[in-house]
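> Dropping a prediction and its sequence here:
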Amino acid sequence: MVQATLFLVVLSLALGAHSLSPEKCNLTGHWSNDLGSNMTIFAVDEKGKFSGLYNTSVADHPSEIRQSPLVGFQHVTIPMDQPTFGFTVSWTFSEATSVFTGQCFVRKDGKEELRTIWLFRRHQNTAADNWAGT
């Protein structure tokens, strides 16, 4: 039996307040986490689609880290003050992809916070090695 471990990533808004009221989450902006990784999410369109850039601070070879593109969707049902979302990062410095899913929350102090879980997948040469890549 293979055990999977879920990783929790908490991303906090790095720059000032958004144009929306404090009761609503807005994914657009610059975010960072407690490990030093950061991302920028560009505008979310009317269908919930967005793109952006991710800079991880965690890798097997930190000297090789490069900014990587991300694409995703936010749930846009109205009203949606604290939306769910998901995005994929295609790592530019390795043969790997990560997927994140989570929800944007507004804390009691009015700050926005993204709570996510993620899955990392590295290329494997054979099907027999499949689980070693996840």
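Noted; the coordinates are in hand. Numbering: from 1, shown residues only.
> tell me the mean pLDDT over stretch 25-39?
Over the span of stretch 25-39, the pLDDT mean works out to 91.
> If you could redo that for stretch 71-78, that was the one I meant.
Model confidence over stretch 71-78, given as mean pLDDT, is 88.
> Surely residue 133 and residue 121 touch.
Yes - when contacts are counted by C-beta atoms under 8 Å, residue 133 is listed as touching residue 121 (5.7 Å). In this view, the C-beta of every residue, glycine as well, is placed from N, C-alpha and C.
> Tell me what the residue most central in space within the chain is bridged to.
Centrality entry for the chain: nearest residue to the mean C-alpha point is residue 100, 5.0 Å, by C-alpha atoms, centre = their mean. Applying DSSP bridges to residue 100 gives these bridge partners: residue 87, residue 118.
> quick one: pLDDT of it?
Here, the pLDDT recorded for residue 100 equals 96.
> ok, it to residue 68 distance?
If you measure residue 100 against residue 68 using C-beta to C-beta, to the nearest Å, the figure is 12 Å.
> can you check residue 33 too?
The value you get for residue 33 to residue 68, if C-beta to C-beta is used, is 15 Å.
> Is it correct that residue 44 is in contact with residue 51?
No - counting by C-beta under 8 Å, no contact exists between residue 44 and residue 51, whose distance comes to 9.6 Å.
> These two: which has the busier surroundings?
Each of residue 44 and residue 51 had its neighbours counted (other C-beta atoms under 10 Å), and the higher figure belongs to residue 44 (20 against 15).
> Tell me the pLDDT of that one.
The model reports residue 44 with a pLDDT of 92.
> what does the one 4 residues further on give?
Taken from the predicted model, the pLDDT recorded for residue 48 is 92.
> Next up, the contacts around it.
Residue 48 makes contacts with 73-76, 85, as judged by C-beta atoms under 8 Å, 6 or more residues apart in numbering.
> need the contact list for the residue nearest to the centre of the chain.
9, 72, 86-89, 116-118.
> Sketch out the helices for this protein, chain order is fine.
In chain order, the chain shows no helices, with DSSP state H as the criterion.
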